[in-house]
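Build me a structure from this.
(2 chains)
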Protein chains: 2
Amino acid sequence: MTVTVVGIGLIGGSMAISLQESGFAKKVIGVDALRENEKKAIRRYLVDETMPLKEAVAQSDIIIVATPVDVMLKVIPEVLDLVTDKQTVLDVGSTKEHLLASLKNHPNRKRLVATHPMAGTEYSGPEAAIPNLFDGKYTVIVDQEDSAKDAVAIAEQLYKVMNMKIAYLDATAHDEHTAYVSHIAHISSFALALTVLEKEKNESRIFELASSGFGSTVRLAKSSPDMWIPIFRQNRDNVLSILDEYISTLSQFRTMLIKKDFENFHSKIEEANNIKKIIN
Amino acid sequence: MTVTVVGIGLIGGSMAISLQESGFAKKVIGVDALRENEKKAIRRYLVDETMPLKEAVAQSDIIIVATPVDVMLKVIPEVLDLVTDKQTVLDVGSTKEHLLASLKNHPNRKRLVATHPMAGTEYSGPEAAIPNLFDGKYTVIVDQEDSAKDAVAIAEQLYKVMNMKIAYLDATAHDEHTAYVSHIAHISSFALALTVLEKEKNESRIFELASSGFGSTVRLAKSSPDMWIPIFRQNRDNVLSILDEYISTLSQFRTMLIKKDFENFHSKIEEANNIKKIIN
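All right, here's what the predicted structure looks like:
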């Protein structure tokens, strides 16, 4: 197979590595809006060559679109305009409702399989691409009934080669789920970083004492705004609704502290400990 | 040196390992309120033997108190009642103002060095004790002018043997700093876990999709309420004040989402990214 990756960052670059190393891709072509990223991708052997989008699509079996989700709104229709029934397009974006609604009437909609490999780090760009990023994780295939069966089969084959487990969701459920298990964690981390950085203006040595627990909790606050603002924009309603619940839980903690109601606070923490059963 | 560790959990047990492996302690005696913990500590070779507090203190050069901070209020005066000018007592608790105020008039106050090695994991108990937990981290010595010089010197020697860097703070500054770089991160994590667990009641498969980023952000939510409620109780005012700032930052995010003010939201995330300079 020849695979084009549009957007050679953390996700696109890491997929390029997996697909090459597994032998699934005989050739990987890179396309990026930034010439600098294309050069880095070549230098790091993430892709075999780079070229303009149109040429790349013309010689590819599979086109993976791995740009920020705002760029996808423009790039995916362009790619779909170019493909035939022999080609498959995958997007790997973190939000789906907005994108899929905008593509609803595209004549080649069936060639697109909307997917979301649930893996990442707080870093971005071609330099962030790493092997085995996806190993053993879940990927979601979204609204698969709107894609051609053969295209879905190719997507499934590709993710199995990447050693991923596959879940199937509709776009609404996908966006709600990811708001819970990913987007709100980023909001929480960005806010924590800001709160503590504000304090650091007066207490320059405060971070010397930061323990690894603090580091783990604010890790996601290093994430790129260029990636995350488009996600928050497209998934605004779900994120808002969970943010309300999160603020409400924190406000309950606040009330318990004010009232010195440590008995109920203890019960709440015991309840939170149930996360043990879920996260290793 | 003979060292007694009172409270053989994550911190006490890990210190026992470091002090034995470095040869600093010729013998480590364990004292724990739970017989079961004493047995585990023996079985895991954390301590050489266990015995009642009074006997243990009688034969020790150094007594490290590593219980939850509420228990310290009772145990430390008991230990200080027993020691002579040849012995040194260290506490390793996460809060200081409350404890040190309560000990102000103890005749042996000078034998106590109030310290706080800034390291930990989300686990607790003797089974959580690990080698190298403290390696390269900071420890704080608090209100050192209230301790005898020779006692401070012994504490410094002990932490250097554990390969820790030493910072000196007064009790007020210590409690404020730790609220920022540790306590609020736990609050944030407990609340995030509760918010998502609430959702899971209706969406049982939601956690399949949780990425490693989510795992990192809720990791601290596994922490024991028996350790953390006493900390929140003793450091209530500082925690409340930072919790207010944290909720206020989240509320700003909420307002920006409601107003679709993504430009300012982008700037805020860029600002949060400055955490990169501080946390690796």
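
residues in contact with the helix or strand where residue A:228 lies?
Secondary structure from DSSP states H and E places residue A:228 in helix A:225-234. Counting contacts by C-beta atoms under 8 Å, 6 or more residues apart in numbering or on different chains, the residues outside helix A:225-234 that touch it are A:68-71, A:94-95, A:97-99, A:124, A:183, A:186-187, A:239, B:257, B:260, B:262, B:265-266, B:269-270, B:273. For every residue, glycine as well, the C-beta is placed using N, CA and C.

Repeat the analysis, applying 7 Å as the threshold.
A:68-70, A:94-95, A:98, A:124, A:183, A:186, A:239, B:257, B:262, B:265-266, B:269-270 (C-beta atoms under 7 Å, 6 or more residues apart in numbering or on different chains).

Name the residues of that helix that are buried.
If you call a residue buried by 16 or more other C-beta atoms under 10 Å in any protein chain shown, then helix A:225-234 has these buried ones: A:225, A:227, A:228, A:229, A:230, A:231, A:232, A:233, A:234.

What mean pLDDT does it get?
Throughout helix A:225-234, pLDDT has a mean value of 97.

and what of stretch A:86-101?
98.

Go ahead and flag the most central residue of chain A.
Nearest to the mean C-alpha position of chain A, by C-alpha atoms, centre = their mean, lies residue A:94 at 4.5 Å.

Using the three-state scheme, assign that one.
coil (DSSP: H, G, I helix; E, B strand; the rest coil).

for it, what are its contacts?
A:69, A:116, A:178, A:182, A:231 are the contacts of residue A:94 under C-beta under 7 Å, 6+ apart.

Looking at neighbours, which among the residues you listed is most surrounded?
Within the contacts of residue A:94, most neighbours by other C-beta atoms under 10 Å in any protein chain shown means residue A:178, with 27 neighbours.

What does the pLDDT read for it?
According to the model, residue A:178 scores 94 on pLDDT.

Find the nearest non-adjacent residue to it, please.
residue A:94 (5.9 Å; C-beta to C-beta, 6 or more residues apart in numbering or on different chains).

Got phi/psi on that neighbour?
The phi/psi pair for residue A:94 (degrees, to the nearest 10) reads phi -90, psi -10.

Apart from its chain neighbours, what residue comes closest to residue A:110?
Residue A:110 sits nearest to residue A:148 (C-beta to C-beta, 6+ apart), 4.2 Å away.

go on, residue A:38?
residue A:50 (4.0 Å).

from what I can see that neighbour touches residue A:37, true?
No: look at residue A:50 against residue A:37 with C-beta atoms under 7 Å: they stay out of range, at 9.0 Å.

more crowded one of the two?
For the pair residue A:50 and residue A:37, the greater number of neighbours falls to residue A:37 (22 against 19), based on other C-beta under 10 Å.

picking that back up, distance check, the residue nearest to the centre of chain A against residue A:190.
Per C-beta to C-beta, to the nearest Å, residue A:94 is found 15 Å from residue A:190.

On the three-state scheme, residue A:114 is what?
strand.

In contact with the nearest residue to it once chain neighbours are set aside, which residues?
Take residue A:114 and drop its neighbours on the chain: the residue closest to it by C-beta to C-beta, 6+ apart is residue A:142, 4.1 Å away. With contacts defined as C-beta under 7 Å, 6+ apart, the neighbours of residue A:142 are A:96, A:114, A:115, A:116, A:169, A:170, A:171, A:174.

Same question for residue A:179.
With C-beta under 7 Å, 6+ apart, residue A:179 has these contacts: A:235, A:238, A:239, A:242.

That one belongs to a helix, doesn't it?
Yes: counting by three-state DSSP, residue A:179 falls inside a helix.

Now the residue nearest to residue A:114. Its backbone dihedrals?
Per degrees, to the nearest 10, the backbone of residue A:142 is at phi -110, psi 130.

Model confidence at residue A:210, what's the number?
pLDDT at residue A:210 comes out at 83.

separation between it and residue B:120?
Using C-beta to C-beta, one gets 12 Å for the distance from residue A:210 to residue B:120.

Selecting buried members of the contacts of helix A:225-234 in PyMOL, what would you type?
Typed into PyMOL, the line below selects the buried ones among those, using 16+ other C-beta under 10 Å:
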select buried, (chain A and resi 68+69+70+94+95+98+124+183+186+239) or (chain B and resi 257+262+265+266+269)
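
just curious, which of the contacts of helix A:225-234 is nearest to residue A:219?
residue A:186 (10.2 Å; C-beta to C-beta).

Please name the residues that touch that closest one.
Applying C-beta under 7 Å, 6+ apart, the residues contacting residue A:186 are A:220, A:223, A:228.

Between all of the contacts of residue A:94, which two are at the greatest distance?
It's A:69 and A:182 that sit farthest apart of the contacts of residue A:94, by C-beta to C-beta, at 12.8 Å.

Please name every helix or strand in contact with the helix or strand of chain A with the lowest mean pLDDT.
Least confident helix or strand, chain A: helix A:212-218 with a mean of 87, by mean pLDDT, DSSP states H and E. Applying 3 or more C-beta pairs under 7 Å, 6 or more residues apart in numbering or on different chains; DSSP states H and E, we find helix A:212-218 packed against helix A:184-200, helix B:184-200.

Touching that helix from outside, list them.
If you take C-beta under 7 Å, 6+ apart as the criterion, helix A:212-218 is touched by A:189, A:192-193, B:120, B:181-182, B:185, B:188-189, B:216-217, B:219-220, B:275, B:279.

Quick one: which of these has the lowest pLDDT value?
residue B:279 (78).

what's the farthest-apart pair in the contacts of helix A:225-234?
A:98 and B:270 (23.5 Å).

one step back: any chance of the contacts of residue A:186 in a markdown table, plus distance to residue B:57?
Output for the contacts of residue A:186, formatted as a markdown table (distance: C-beta to C-beta, whole Å):
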| residue | distance to residue B:57 |
| --- | --- |
| A:220 | 46 |
| A:223 | 51 |
| A:228 | 55 |
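
Closest to residue B:11 out of those?
Nearest member of the contacts of residue A:186 to residue B:11, counting by C-beta to C-beta, is residue A:220, at 27.0 Å.

which non-adjacent residue is nearest the closest one?
residue A:189 (3.9 Å).

give me every residue that touches that neighbour.
A:217, A:218, A:219, A:220, A:221, B:217.

Same check on residue A:137?
Here residue A:137 is in contact with A:117, A:118, A:119, A:164 (C-beta under 7 Å, 6+ apart).

and the gap between it and residue B:275?
In terms of C-beta to C-beta, residue A:137 sits 25 Å off from residue B:275.

Mind listing what's buried along the host helix or strand of residue A:39?
Here residue A:39 sits within helix A:35-43, counting by DSSP H and E. Using 16+ other C-beta under 10 Å as the burial criterion, the residues of helix A:35-43 that qualify are A:37, A:38, A:40, A:41, A:42.

residues touching the last one, list them.
Residue A:42 makes contacts with residue A:50, as judged by C-beta under 7 Å, 6+ apart.

got a pLDDT number for it?
97.

That one and residue A:132: what is the separation?
22 Å.

now do residue A:46
Counting by C-beta to C-beta, the gap from residue A:46 to residue A:132 is 14 Å.

And these two? Which one has more around it.
residue A:46 (25 against 14).

Next one: the closest residue to chain B within the stretch 1-150 of chain A from residue B:195, what distance?
Per C-beta to the nearest C-beta, residue A:118 is where the stretch 1-150 of chain A lies closest to chain B, at 4.9 Å. Residue A:118 sits 19 Å away from residue B:195, going by C-beta to C-beta.
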